[in-house]
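Trainee: Make a model of this:
(2 chains)
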Number of protein chains: 2
Amino acid sequence: MLNFDFHNPTHIAFGEGRVADLDRLVPAQARVLILVGGASAEKNGTLAEVRQALGARTHATFSGIEPNPSYETALRAVQQVREGSFDFLLAVGGGSVIDAVKFIAAAVHIEGDPWSILEKRGRNIARAMPFGAVLTLPATGSEMNNGSVITHRAKGAKLPFSSAHCFPRFAVLDPTKTYTLPPQQLANGVVDAFVHTTEQYLTYPVNALVQDRFAEGILQTLVEVGPRILAAPEPVYADRANMMWTATLALNGLIGAGVPQDWATHMIGHELTALHGIDHARTLAIVLPALLNDRRESKRAKLLQYAERVWGLREGDEEARISAAIERTRAFFESLGVPTRLGAYGLGAEHVDAVVAQLEAHGMVKLGEQRDITPEVARRILLAAL
Amino acid sequence: MLNFDFHNPTHIAFGEGRVADLDRLVPAQARVLILVGGASAEKNGTLAEVRQALGARTHATFSGIEPNPSYETALRAVQQVREGSFDFLLAVGGGSVIDAVKFIAAAVHIEGDPWSILEKRGRNIARAMPFGAVLTLPATGSEMNNGSVITHRAKGAKLPFSSAHCFPRFAVLDPTKTYTLPPQQLANGVVDAFVHTTEQYLTYPVNALVQDRFAEGILQTLVEVGPRILAAPEPVYADRANMMWTATLALNGLIGAGVPQDWATHMIGHELTALHGIDHARTLAIVLPALLNDRRESKRAKLLQYAERVWGLREGDEEARISAAIERTRAFFESLGVPTRLGAYGLGAEHVDAVVAQLEAHGMVKLGEQRDITPEVARRILLAAL
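Mentor: Numbers count the residues shown, from 1 in each chain, chains lettered A, B, ... in the order given. Take a look at the predicted model:
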């Protein structure tokens, strides 16, 4: 096991009806700016519930945070925070809204252009406004971590940052808030949580036995509930609850503590989203199977463990078991309605160079737990994902 | 899944050499009272390392906290805190020292007799001194939770309390600090962590899929590393690291979030320790197999899941699989050198009434996740454990 620090101070309030707890979770004297994505939180009544729970607190709403939240939109929110003297931010939405709120909370205190937060990956954040989250889309884990990904539309750049100052104070996780999500967002959420887990698990063994067991438990749970959620004619609370808590646990620092981490799938995927607007989770579903196949030597031991413990594959030689595990992974994503080939999104070999060029432009030239996914390897992976 | 709150703000600094991090973790201006058990921390050099890391900070040492830490000893420490105007406590030891420090941290601020903390199970704690821990004995999980058990020697009472104010600010987990532990303490640690897990897992199903997987992962890890640790001629870092982190995860609130909890084994075991001085973990090893057998109807579904997933038992009918799982549990404890019968500790049927009377005296009359372990059931369990 590698040395590690684990410190996650986010308070989780989990279960049906927990939005009412905002009255207890948000400071009594707070001036609250609520931040949302599109119109769904207003339409499905969640915003009304939030406003009711805030009671007599001064509050206003900033609407319009996009999927893959933009620097440009976040700057408008920073301006509203300053003009309205708000001192508490409340994200109501999924990972995009929460990621944006993390950036806004930090950007308020940054001198000069806050894009520096992305350029320095968050190292220049000395403080941030306090904020909480009401999660409506289980997927990214942003509700219980200190990381965020922001897109600069003008630059075509999608970059991550993190900071110890950017943990949500609390996150309300009410599984019934997922009931109005369309199937594509549910499927994306399952894939996103799955790949968050593989990024921290499918590397090389460091004798971190319990972290491996936890990662395998998360993957097994997603494999169990994902298809059931997509097939159900009506939402089933237990399945939604398991998906929601599992997605949070997939990226709250726990399974990544003391182990090597990959994240190459994410970094390559980010460029696909930035250039072609493909849903984040769908870029992961494209890149992961091709990447695992390309890295089967350096990931051999963990791929074999994954094959056996997650997919129950015990027959055949090592190569056959690894190939079968990768194919099961691909088939799992496809079974959720998430295509795993670039062609399904209208992209061909002629689009690969530009993606690789963007990786280089963003300094993403030594990716993966071995730092051996160079632009040339990334190109090979993308070509294998056609 | 049941509704739950999860909020664990303890900062874990894990790995060899992390004691030096105390310089960063303890406030620079703190006046520190270091609290230890016996002489081992002084003899094996850990205390010297701690004092060096504290640098120029004013500090003193309170020594003599017993296994099953006593109210009486803790009160002497409270006096030293007041007389020395200390403002930060640092526990260096195992669960007993950390439990005592939690009580001391709260008792300093209590009006009147601080035994009220136990009588009220911690509900009267409005604040506590800040404190941290350097763990030397992996077992209780006290280093990352807000619970504590204190023994009133004069009353022969061993009672638990908890409070949101009693989380350690940090815990330093250096696996090499376990290298000087005698085999009995290592074996006790494995059993303690194991039973912490079963108390939160072997109840009844509530569709908490990922919590179940995590609990099973902890149990599987303990089954894997426990015997190896006891058999090794020299300490192996990886095994000690896995034991240490696994024991912490067994009782940091995570696997208990959103599920029913039992704790009857602990409450019955506490009385055995209070009356007869049996090591805490050994009382659990006595009670658990007998309790599982007595409660096999109400715990049926989880016992079958435990049999299959932890012990790989898939043959035979339900009764046979449950019996085999209980026997494997007993054999696991015995294989670590931990006897599982009252007789091995010199106790017979004539000692049972007094244990049951103490349970009644402490209001422990409806124990277990179903609140159905009455004094009569506890008597039956103890008689089955002869």
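Trainee: Show me how the record splits chain A into domains.
Mentor: Chain A breaks down into these domains under automatic domain parsing: A:11-177, A:182-384.
Trainee: Which residues of the stretch 51-200 of chain A lie near chain B?
Mentor: Taking C-beta under 8 Å from any C-beta of the partner chain as the criterion, chain B has no neighbours within the stretch 51-200 of chain A. Heads up, the C-betas are built off the backbone N, CA and C, glycines and all.
Trainee: low pLDDT regions in the stretch 51-200 of chain A?
Mentor: Filtered on pLDDT under 70, the stretch 51-200 of chain A yields no residues whatsoever.
Trainee: Let me see the ranges of the strands in the stretch 151-300 of chain A.
Mentor: A:157-162, A:170-173 (DSSP state E, counting those that start in this stretch).
Trainee: would a markdown table of the ones you listed with distance to A:Leu386 be doable?
Mentor: Shown next, in a markdown table, are these (distance: least, C-beta to C-beta, whole Å):
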| stretch | distance to A:Leu386 |
| --- | --- |
| strand A:157-162 | 22 |
| strand A:170-173 | 38 |
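Trainee: Tell me which of the ones you listed is the most buried.
Mentor: Compared across those, strand A:170-173 shows the largest average neighbour count, a mean of 26 (mean count of other C-beta atoms under 10 Å in any protein chain shown).
Trainee: Follow the chain on from the helix or strand containing A:Glu83 and name the next helix or strand.
Mentor: In this assignment (DSSP states H and E), A:Glu83 forms part of helix A:71-84. Going down the chain from helix A:71-84, the next helix or strand is strand A:88-93, by DSSP H and E.
Trainee: quick check: angle from that following strand to helix A:71-84?
Mentor: Strand A:88-93 runs at 140 degrees relative to helix A:71-84, counting by axes from the mean of the first three to the mean of the last three C-alpha atoms, to 10 degrees.
Trainee: With just CA atoms, put strand A:88-93 into PDB.
Mentor: Extracted in PDB, the C-alpha atoms of strand A:88-93 (Å, rounded to 0.1, in the frame of the first residue of the first chain):
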ATOM      1  CA  PHE A  88     -23.200  30.700   0.600                       C
ATOM      2  CA  LEU A  89     -23.600  28.800  -2.600                       C
ATOM      3  CA  LEU A  90     -26.000  26.000  -3.100                       C
ATOM      4  CA  ALA A  91     -25.600  23.700  -6.100                       C
ATOM      5  CA  VAL A  92     -28.900  22.000  -7.100                       C
ATOM      6  CA  GLY A  93     -28.100  19.500  -9.900                       C
END
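Trainee: Any buried residues in it, and which?
Mentor: By 16 or more other C-beta atoms under 10 Å in any protein chain shown, the buried positions in strand A:88-93 come out as A:Phe88, A:Leu89, A:Leu90, A:Ala91, A:Val92, A:Gly93.
Trainee: Contacts only, for A:Gly122.
Mentor: For A:Gly122, the contact set (C-beta atoms under 8 Å, 6 or more residues apart in numbering or on different chains) comprises A:Ala106, A:Phe161, A:Ser162, A:Ser163, A:Cys166.
Trainee: Across the sheet, point out what pairs with the residue lying closest to it once chain neighbours are set aside.
Mentor: Closest residue to A:Gly122 apart from its sequence neighbours, by C-beta to C-beta, 6 or more residues apart in numbering or on different chains: A:Phe161 at 3.5 Å. Per DSSP bridges, the residues bridged to A:Phe161 are A:Ser148.
Trainee: Spit out the contact partners of A:Phe161.
Mentor: With C-beta under 8 Å, 6+ apart, A:Phe161 has these contacts: A:Phe103, A:Ile117, A:Leu118, A:Lys120, A:Arg121, A:Gly122, A:Ile125, A:Gly147, A:Ser148, A:Val149, A:Ile150.
Trainee: Please indicate which of those residues are buried?
Mentor: A:Phe103, A:Ile117, A:Leu118, A:Gly122, A:Ile125, A:Gly147, A:Ser148, A:Val149, A:Ile150.
Trainee: now for the particular helix or strand that has the first one in it, which elements pack on it?
Mentor: Going back to what we said before, that points to A:Phe103. Here A:Phe103 is covered by helix A:95-107, with elements defined by DSSP H and E. The contact analysis (3 or more C-beta pairs under 8 Å, 6 or more residues apart in numbering or on different chains; DSSP states H and E) places helix A:95-107 against strand A:32-36, helix A:71-84, strand A:88-93, helix A:116-119, strand A:131-135, strand A:147-152.
Trainee: closest to B:Thr73 out of those?
Mentor: strand A:131-135 (41.6 Å; C-beta to C-beta).
Trainee: ok, back up a step: wait, which of the buried ones among the contacts of A:Phe161 is closest to A:Phe333?
Mentor: A:Val149 (20.5 Å).
Trainee: Please look at the closest one and A:Gly141 and confirm they touch.
Mentor: No: with contact defined as C-beta atoms under 8 Å, A:Val149 does not count as touching A:Gly141 (11.7 Å).
Trainee: Having no further points to raise, I will conclude here.
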